[in-house]
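*Asks:* A structural model of the following input is requested.
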Amino acid sequence: MKLKLVFLAAVFICIFTAVAFARDLGQWASTDYEIKYWFQHLMQPDNPTMSCCGEADAYYADGFETQGDQYVAIITDERPDGPLLRAHVDVGTKILIPNAKIKFDQSNPTGHGLVFMNKSGGYVPTTIVYCYLPPITG
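*Replies:* Prediction:
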């Protein structure tokens, strides 16, 4: 009977535990604690149980345009990709931001507009935007 309860408890935990795709591959080693904490606790605006991911998925996007009612983030990040363990995205690349991914509800200690995304190559290049924090203007 105890074995069945343990098994059921394990199944329950597996079913109701949210999956997070954030990754920490050592890129946090030289990051200030407050910024590290901020990155690790930043959640997607349209799915508040899912992380925006982390520093390895973040690109500075200090410029933007609008296209109809949507933001188009412009990558301005010149930091080397290797230490951040991220895919390269050229400065000037424009990323169409889904409205549901715009995050206005949290401070931004980096001082930069940020787009959190997964950019893959291959036969059909794809970009998945997790979160977008517009640059502070004014």
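
*Asks:* so Q70 touches I95, yeah?
*Replies:* No: Q70 lies out of contact with I95 (C-beta atoms under 8 Å); the separation is 10.6 Å. For every residue, glycine as well, the C-beta is placed using N, CA and C.

*Asks:* have a look at the two and say which one is more surrounded.
*Replies:* I95 (19 against 12; other C-beta atoms under 10 Å).

*Asks:* so that one sits against M117, correct?
*Replies:* Yes: I95 lies in contact with M117 (C-beta under 8 Å); the separation is 6.6 Å.

*Asks:* between those two, which contacts overlap?
*Replies:* Overlap of the contact sets of I95 and M117 (by C-beta atoms under 8 Å, 6 or more residues apart in numbering) consists of 127, 129.

*Asks:* all strands of this structure, in order?
*Replies:* 43-44, 47-51, 58-60, 63-67, 70-74, 94-96, 114-120, 126-133 (DSSP state E).

*Asks:* which one of those strands lies nearest to H88?
*Replies:* Closest to H88 of the strands of the chain, according to C-beta to C-beta: strand 114-120, at 8.5 Å.

*Asks:* just checking: what are the partner strands of that closest one?
*Replies:* When pairing is defined by DSSP bridges, strand 114-120 lines up against strand 58-60 (antiparallel), strand 126-133 (antiparallel).

*Asks:* where exactly do the helices run in the protein?
*Replies:* 2-16, 33-41, 81-84 (DSSP state H).

*Asks:* can you give me the buried ones in the second one?
*Replies:* Think helix 33-41. Across helix 33-41, burial judged by 16 or more other C-beta atoms under 10 Å covers 36, 38-40.

*Asks:* low-scoring stretches of the chain, by residue?
*Replies:* 1-31, 121-125, 137-138 (pLDDT under 70).
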